[in-house]
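1. What follows is a predicted protein model with its sequence.
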Amino acid sequence: MAKTIQFDGRPIWAEVSIAAILHNLRVIRRQVGRERKILAVVKANAYGLGAVPISKALARAGTEWFGVTCSSEGIELRDAGIRKRILVLTGFWPGEEKILLDHDLTPTVTRVDQLHTLDRAAARIAKRKKNFRAPFHLKINTGMNRLGIEPSEVEAFVKALRKCPRLALEGTYTHFASAEDFTSDQTIEQENKFSEALDRLRAFGVSPGMVHLANSGAICARPSTWADIVRPGAILYGYHQGFTPPEKKAEVMAQMDLRPCLSLRARIISLREIAAGQAVGYGARFVAKRPSRIAVIAAGYADGVVRQRTNNGSVLLRGRRVPLVGTISMDLATVDATEVPSAAIGDIVTIYGKGKFDSIEVSDVAREINTVTSDLLCALGRRVRRFYLA
């Protein structure tokens with residue numbers, strides 16, 4: 001329980017439920033079948049929740065792969081003792097290829113010209129490791145139009161690969177732009193383009209290796225995309241995507257009983273009585289319409305309470321929802337505690353998570369302010385202490 005957490009310092013903290021994350025991992029395995037491997041996406045510090053403790057727990061639970069954005073994120077996991085496979089999802093910058101291979105991180109090739117660069121780095125290692133070949137994954141652009149070779153470049157890729165004897169194509173993948181949208185054919189079109197690109201690879205005598213397409217949305221509702229590996233991100237942490245149409249969302253949520261893993265809490269550090277007509281916070285964006293009791297909590301946008309919540313939404317106090325009022329500042333936020341006359345300095349305010357009788361989940365707030373859940377998770381500030389609950 002939140003009240004058992006005691007520590008010195010600023011009274012704001014996050015509770016991350018490892019039990020919930022492991023439950024979600026089991027739900028995902030049940031959904032896609034145990035014959036498929038799981039690549040847990042732990043980039044951006046595991047969506048702000050803590051890559052090292054979460055990855056350690058997932059590794060102990062049998063997760064086969066981890067996905068990161070860059071070499072520094074992969075090295076952090078290696079330094080923490082993670083020995084499972086780690087795929088760097090967004091390619092590599094010139095010079096980074098040596099770092100990747102030195103730390104046994106699997107690079108993604110997103111451009112044909114990267115093959116030669118990667119092969120030279122692999123040749124350096126081959127001087128001390130006989131018969132060494134560096135495994136890599138190939139990303140194919142099928143419609144996201146960010147990273148990946150074009151399907152029309154498959155032949156050029158094959159020709160370049162044949163000139164790189166120290167490389168081994170271990171896997172091939174793509175990324176969906178709108179897997180949660182069942183009112184659009186974009187995902188089906190991407191899936192078809194990817195299948196055609198794989199056929200072209202095979203026609204040139206090159207095996208694509210392990211194939212993977214499915215992100216969180218596709219894991220939930222597109223079985224044809226599950227292939228050899230699936231890549232859960234937000235759903236691993238317990239947050240469903242914004243499926244459309246609404247009946248599809250209801251169907252998915254009934255099928256996959258995910259448990260949100262984050263609770264963000266802070267304490268009241270000040271209480272102030274103000275008269276009707278008085279303003280609160282920067283820019284006087286809240287003006288009291290009645291005599292009001294304003295509580296100040298030790299949480300601002302540097303902690304993860306984003307400015308879009310200015311005069312927008314609520315938090316939980318003594319089992320009741322109370323509104324956020326006034327401009328969210330860097331270090332502080334204010335709430336109208338008028339309807340909770342017993343509120344006192346030191347009381348716990350739940351920003352995200354379960355309270356005594358109610359809950360406010362990150363995904364609920366994301367919908368309210370028209371953003372995505374991962375945006376809010378990643379906003380969790382560095383100075384917010386994380387407590388990992390079994």
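-> Okay, I see it. Numbers count the residues shown, from 1 in each chain.
2. List the contacts of the nearest residue to residue 231 once chain neighbours are set aside.
-> Of all residues not flanking residue 231 in the chain, residue 39 sits nearest, at 4.7 Å (CB to CB, 6 or more residues apart in numbering). Glycine gets a C-beta too; all of them are placed from N, C-alpha and C. By CB atoms under 8 Å, 6 or more residues apart in numbering, the contact set of residue 39 is 64, 65, 66, 67, 87, 212, 229, 230, 231, 232.
3. Now the buried members of the residues you listed.
-> 65, 66, 67, 87, 212, 229, 230, 231, 232 (16 or more other CB atoms under 10 Å).
4. partners of the residue nearest to residue 231 in the sheet?
-> residue 65 (DSSP bridges).
5. Could you measure from it over to residue 108?
-> Distance, residue 39 to residue 108, using CB to CB, to the nearest Å: 12 Å.
6. which neighbours do the two share?
-> Shared contacts of residue 39 and residue 108, defined by CB under 8 Å, 6+ apart, comprise residue 87.
7. Check the offset of the longest helix that the chain contains from the chain's centre.
-> If you go by DSSP state H, the chain has its longest helix at helix 186-203. Relative to its chain's centre, helix 186-203 lies at 26 Å (CA atoms, centre = their mean, to the nearest Å).
8. repeat for stretch 289-304
-> 28 Å.
9. Nearest residue to residue 289 in space, please, no chain neighbours.
-> Per CB to CB, 6+ apart, closest to residue 289 is residue 276, 6.1 Å.
10. residue contacts, that neighbour?
-> 288, 289, 290, 291, 292.
11. And the last one, how far from residue 283?
-> It refers to residue 292. Counting by CB to CB, the gap from residue 292 to residue 283 is 18 Å.
12. end to end, how far does stretch 63-82 reach?
-> Taking CA to CA, to the nearest Å, stretch 63-82 runs 11 Å from one end to the other.
13. and it, which residues are buried?
-> Quick answer for stretch 63-82 (16+ other CB under 10 Å): 63, 65-68, 70-71, 73-77, 82.
14. Off-centre distance for stretch 314-325?
-> The answer for stretch 314-325 is 27 Å, by CA atoms, centre = their mean.
15. Please, where are all the strands along the stretch 201-350 of the chain?
-> 210-212, 229-230, 262-274, 279-280, 286-287, 292-297, 314-317, 320-325, 333-336, 348-354 (DSSP state E, counting those that start in this stretch).
16. what number of residues lie near residue 225?
-> Residue neighbour count, defined by other CB atoms under 10 Å, stands at 24 for residue 225.
17. and it, what does it touch?
-> Contacts of residue 225 by CB under 8 Å, 6+ apart are 176, 179, 187, 191, 213, 214, 218.
18. Residue 126: which of the residues you listed is nearest?
-> residue 213 (31.7 Å; CB to CB).
19. so residue 215 touches residue 231, yeah?
-> Yes. Counting by CB atoms under 8 Å, residue 215 touches residue 231, with 5.5 Å between them.
20. where exactly do the strands run in the stretch 51-200 of the chain?
-> 65-68, 85-88, 108-109, 134-139, 167-173.
21. To residue 345, which of those lies closest?
-> strand 65-68 (41.7 Å).
22. elements contacting that closest one?
-> strand 37-41, helix 51-60, helix 71-79, strand 85-88 (3 or more CB pairs under 8 Å, 6 or more residues apart in numbering; DSSP states H and E).
23. buried residues in the helix or strand of the chain with the lowest mean pLDDT?
-> One helix or strand of the chain scores below all others by mean pLDDT, DSSP states H and E: helix 246-255, with a mean of 91. For helix 246-255, burial by neighbour count (16+ other CB under 10 Å) applies to 248, 249, 252.
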